[in-house]
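Undergrad: predicted model follows, preceded by the sequence.
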Amino acid sequence: MAARPIPTTAADVREFPFTDTDFERIRRMIHARAGISLNGTKRNMVYSRIARQLRAHGFGSFPEFLDAAEQDPRMDEAFINALTTNLTSFFRESHHFPLLAQYLASLPRRGTIELWCSAASTGEEPYSMAMTAIEAFDSPKPPVRIIATDVDTNVLATARKGVYRGESVAQLASAQLKRHFLRGAGPHGGMVRVRPEVAALVTFRPLNLLAPRWDVKGPFAAIFCRNVMIYFDKPTQYTILERFVPLLTTGGLLFAGHSENFTRATGLFRLRGKTVYERIGTGMAP
């Protein structure tokens, strides 16, 4: 039986045929590569994003592009990047940052404090962590280092530049803007760039949370993994939480997203605050 084309509406005239078979193949591929679970409500989003890749790379059909993604690492990267959601903003879920500041200030001064932002997207989150550290220690060079990772290499390229539209920082206090950003002039008017001292605290690198090996070592005083787990099924979530544990210091904190709940992982973490969890146990695991 031929694959059934997915119905379209008059407002959604599709340039490329998109069948149930194509959609199911994409669901399997993105789950295997990035742990993302796509339900049926995501069909239109999937079509739009993958069709954009077909146009960009000169493919004539979904099967042709998906075959290439399974054989060519560059197309595989384009496939993952296309389906990664990167909604973020500076000081998003703002209740987390005063708690982070208090926690950092309470730690013993024993060298550099390591933090990990495991879904850095376009950089707003790790830079917010860096600004919080600067303010917590009232120093442009706090004893903090932030590793910022993401599976999407495109957003990491944006993050490394540290340049944003002015409206993205419109909600920040004027003192924060002055302390942490440089305003663009001339052709760069309306843009802002994070100051060098903020950027110096953050190191960006690609990392897939489903990879068998993570290129991070720790021990981390805190890990931010916010609004990521909602895209994973329950077994994948628990596996990732287990892998976080040995990377955290005793009492280390895990910051989750507003719609994520890790209380089922009672043997790993206990609730410390609103969507903030504390590692259970002592010492680093081997």
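TA: Thanks, I have the structure now. Residues are numbered from 1 along each chain as shown.

Undergrad: chain center to the helix or strand of the chain with the lowest mean pLDDT, what's the gap?
TA: The helix or strand of the chain with the lowest confidence, counting by mean pLDDT, DSSP states H and E, is helix 73-83 at a mean of 82. In terms of C-alpha atoms, centre = their mean, to the nearest Å, the centre of helix 73-83 is found 16 Å from the chain centre.

Undergrad: who does the helix or strand harbouring residue 179 touch, helix- and strand-wise?
TA: Mapping residue 179 onto the secondary structure by DSSP states H and E places it in helix 174-180. Here helix 174-180 is seen to pack against helix 124-137 when contacts are counted using 3 or more C-beta pairs under 8 Å, 6 or more residues apart in numbering; DSSP states H and E. (C-beta placed from N, C-alpha, C; glycine too.)

Undergrad: partners of the helix or strand just after the helix it packs on, with directions?
TA: On the C-terminal side of helix 124-137, the closest following helix or strand by DSSP H and E is strand 144-150. Paired neighbours of strand 144-150 in the sheet (DSSP bridges): strand 113-117 (parallel), strand 202-206 (parallel).

Undergrad: hey, which of these is tucked in deepest?
TA: Using mean count of other C-beta atoms under 10 Å, the stretch among the strands paired with strand 144-150 with the greatest mean number of neighbours is strand 113-117 (a mean of 25).

Undergrad: contacts for that strand, please.
TA: When contacts are defined by C-beta atoms under 8 Å, 6 or more residues apart in numbering, strand 113-117 is touched by residues 104, 107, 125-126, 129, 133, 143-149, 202, 216, 218-224, 247.

Undergrad: kindly report the same for stretch 38-58.
TA: If you take C-beta under 8 Å, 6+ apart as the criterion, stretch 38-58 is touched by 6, 12, 14-16, 18, 23, 26-27, 30-31, 59-62, 64-65, 68, 75, 78-79, 82-83.

Undergrad: again, 10 Å this time
TA: With contact meaning C-beta atoms under 10 Å, 6 or more residues apart in numbering, stretch 38-58 is reached by 6-9, 12, 14-16, 18, 20, 22-24, 26-28, 30-31, 36, 59-62, 64-66, 68-69, 72, 74-75, 78-79, 81-85, 231.

Undergrad: buried ones among those?
TA: Using 16 or more other C-beta atoms under 10 Å as the burial test, the contacts of stretch 38-58 include 6, 16, 18, 22-23, 26-27, 30-31, 36, 59, 62, 65-66, 68-69, 75, 78-79, 81-84, 231 as buried.

Undergrad: so which of those are in helices?
TA: 22-23, 26-27, 30-31, 62, 65-66, 68-69, 75, 78-79, 81-83 (DSSP state H).

Undergrad: find the helix or strand that the residue positioned nearest the centre of the chain is a member of.
TA: Ranked by distance to the mean C-alpha position of the chain (C-alpha atoms, centre = their mean), the top residue is residue 119 at 2.0 Å. Residue 119 belongs to no helix or strand when elements are defined using DSSP H and E.

Undergrad: now it, nearest residue through space, not along the chain?
TA: Once its chain neighbours are removed from consideration, residue 119 has its nearest residue in residue 228; the separation is 4.5 Å (C-beta to C-beta, 6 or more residues apart in numbering).

Undergrad: can you check residue 252 too?
TA: Setting aside the residues directly before and after it, residue 252 is nearest to residue 279 in space (C-beta to C-beta, 6+ apart), at 4.7 Å.

Undergrad: just to check, the residue nearest to residue 119 is in contact with residue 209?
TA: Yes. Using C-beta atoms under 10 Å, residue 228 and residue 209 qualify as a contacting pair, with a distance of 7.2 Å.

Undergrad: overlap of the contact sets of those two?
TA: With C-beta under 10 Å, 6+ apart as the test, residue 228 and residue 209 both reach 35, 118, 119, 150, 151, 240.

Undergrad: now do residue 261 against residue 240, distance only.
TA: Taking C-beta to C-beta, to the nearest Å as the measure, residue 261 and residue 240 are separated by 14 Å.
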